[in-house]
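K.L.:
just the structure for this:
(chains A and B)
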Amino acid sequence: MNYTLDFTPVIDGLPSLLSACLGTFFLAICGMLLATVIGIGGVVLRQSPIKALRWLVIGFVEIIRNTPFLVQIFFIYFALPLAGIRLDPTPTAIIALGINGGAYAIEIIRGGVQSISKGQMEAGLALGLHKAQVFRLIILKPALRAIYPSLTSQFVLLTLSTSIASAISAYELTSVSQRIESDSFRSFEVYFTVTVFYLVISWVMMRIFAFFSARYFSYPVK
Amino acid sequence: MTQAAIQADASDAMITMTGVGKWYGAFQALHNVDITVAQGEKIVLCGPSGSGKSTLIRCINHLEAYQEGEIRVGGMLLGHQSKTIDAVRREVGMVFQQFNLFPHLTVLQNCMLAPVKALGLGKADAEERARQLLERVKISEQAEKYPAQLSGGQQQRVAIARALCMRPKVMLFDEPTSALDPEMVKEVLDTMIALAEEGMTMICVTHEMGFARQVADRVIFMASGAIVEEAPPAEFFSNPQHERTRKFLGEILGRH
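P.N.:
Residues are numbered from 1 along each chain as shown, chains lettered A, B, ... in the order given. Down below sits the predicted model:
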């Protein structure tokens, strides 16, 4: 095979690739924040005494976890305008990432909450705290600590899933690199570079998670 | 009972349980339990495992719901509405077998949490109160440590201080020394004895019969979810009335 590597288009496109990396970070971080809110909120509703709310959460989790992420993005982007909800690609991607990541986060966080001994809840109640206070002040932090590694890998996956948002041309790394590739036909050079960028992005994400872990979950346990 | 007698009863008694029954599904855990605990009285509850003693004290702060009869704490009827349950829980401290300290909070924060969040006390007041009580259980030098850095005996003393920070009228102890290594039992019992000497109303589920002899006003023996007999400790140990009590005492004292 006679192929000469030529990184010129990549080098020329570097400014737009780097700024697209920021777009990827933006999508990922907004998606994670939304996923965390949905995850914790979902766990709370999942324990609600109202049966309908519990089933709503179970149904949500089952639907999201058993359908493709790409279809979920398309659904929000193309189907919701029929209901009068019209969103730009980037907000659409954030909502889709948040909903998808949230469904997985519900199951992960629920596992963490279940791992906390019943005695913790009882001790809080016996001190006169309400159930919601006990959850927020006593259960939540140790529960998150218990499942933090699983949540980290789920959120790294969420970060990489931002590339699927290229299908609706959200502003992120994959869609920008596709543009450079289709202008230059330098597929190998472009996707090699993008692969390295994604590795770096994942690594940075893991550092951020490690930072939060050291900051919030460093209390000693036996 | 005359009206006057009811009122007198209500003012003297810290806890009254009348005809209390509790079921787990079809299994009846408590049968028609009647107990009256006067202010300042110290009760030791004992009995074989599964006899319902833990269930009984857990009914007093509604960690377990009861289905029959009536429980009054400090004159308040413990119903099943969350409002009265919260009110009762703020008056009743509880110490658990497994300590149940909050692992993500320091000793001091463990003691401050409920006074701030449940009583609405200011942080400075709560801290002052917490340090005072940690001093009282002789563990003030550990205030900034986390529970996992303490021994079992120290953890249990912190748990006692944490409960006392709510200024409860009654303290419930659910086998407070059963999870401890033998060498740590004494420090916890000493703390409980000191508390008893200060006049706290206490109900203790324990098999520490030395503690019962020294501190209890009455020992109540339960079996199969019912009260079998109750008597002052001297009488209880020297002259048990029922066969089941004699058998239980034989087993528990025979071990030593």
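
K.L.:
quick one: low-confidence parts of the chain?
P.N.:
No chain was given, so I picked chain A. For chain A, applying pLDDT under 70 flags the ranges A:1.

K.L.:
that's the wrong chain, I wanted chain B
P.N.:
Looking at chain B by pLDDT under 70, you get B:1-11, B:255-256.

K.L.:
near chain A, which residues of the stretch 1-150 of chain B?
P.N.:
Within the stretch 1-150 of chain B, the positions adjacent to chain A are B:61, B:63, B:82, B:86, B:89-90, B:92-94, B:96, B:98, B:100-105, B:113-114, B:117-119, B:146, B:148-149 by C-beta under 8 Å from any C-beta of the partner chain. C-beta: built from backbone N, CA, C; applies to glycine.

K.L.:
give the buried subset of those as a PyMOL selection command.
P.N.:
In PyMOL, selecting the buried portion of the residues of the stretch 1-150 of chain B next to chain A, with burial taken from 16 or more other C-beta atoms under 10 Å in any protein chain shown, looks like this:
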select buried, chain B and resi 61+63+89+90+92+93+94+96+98+100+101+102+103+104+105+113+114+117+118+119+146+149
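
K.L.:
next step: the residues of the stretch 1-150 of chain B next to chain A restricted to helices.
P.N.:
B:82, B:86, B:89-90, B:113-114, B:117 (DSSP state H).

K.L.:
determine which two of those residues are furthest apart.
P.N.:
B:82 and B:113 (19.3 Å; C-beta to C-beta).

K.L.:
show me where chain A has strands.
P.N.:
With DSSP state E, there are no strands along chain A.

K.L.:
show me the contacts for the nearest residue in space to residue B:62 that is not next to it in sequence.
P.N.:
Distances taken as C-beta to C-beta, 6 or more residues apart in numbering or on different chains put residue B:85 closest to residue B:62, at 4.6 Å, once the chain neighbours are dropped. Going by C-beta atoms under 8 Å, 6 or more residues apart in numbering or on different chains, residue B:85 touches B:62, B:78-79.

K.L.:
likewise for residue B:73?
P.N.:
Each residue near residue B:73 by C-beta under 8 Å, 6+ apart is listed here: B:14-15, B:60, B:88, B:91-92, B:169-170.

K.L.:
I'd like to know how far it sits from chain A.
P.N.:
According to C-beta to the nearest C-beta, to the nearest Å, residue B:73 stands 13 Å off from chain A.

K.L.:
for beta bridges, what are the partners of that residue?
P.N.:
Beta-bridge partners for residue B:73, by DSSP bridges, are residue B:15, residue B:76.

K.L.:
just say helix, strand or coil for whichever residue of the stretch 151-256 of chain B sits closest to chain A.
P.N.:
For the stretch 151-256 of chain B, the residue closest to chain A is residue B:166, as judged by C-beta to the nearest C-beta, at 6.3 Å. Look at residue B:166: counting by DSSP: H, G, I helix; E, B strand; the rest coil, its state is coil.

K.L.:
so how far is residue B:89 from it?
P.N.:
9 Å (C-beta to C-beta, to the nearest Å).

K.L.:
what of residue A:145?
P.N.:
In terms of C-beta to C-beta, residue A:145 sits 27 Å off from residue B:89.

K.L.:
now do residue A:80
P.N.:
The value you get for residue A:80 to residue B:89, if C-beta to C-beta is used, is 47 Å.

K.L.:
and the closest residue to residue A:111 other than its chain neighbours, what is it in contact with?
P.N.:
Leaving aside its chain neighbours, residue A:111 sits nearest to residue A:147 (5.8 Å; criterion: C-beta to C-beta, 6+ apart). Each residue near residue A:147 by C-beta under 8 Å, 6+ apart is listed here: A:108-109, A:111-112, A:115.

K.L.:
7 Å instead?
P.N.:
Going by C-beta atoms under 7 Å, 6 or more residues apart in numbering or on different chains, residue A:147 touches A:108-109, A:111-112.

K.L.:
Three-state assignment for residue B:21, please.
P.N.:
Residue B:21 - assigned by three-state DSSP - is strand.
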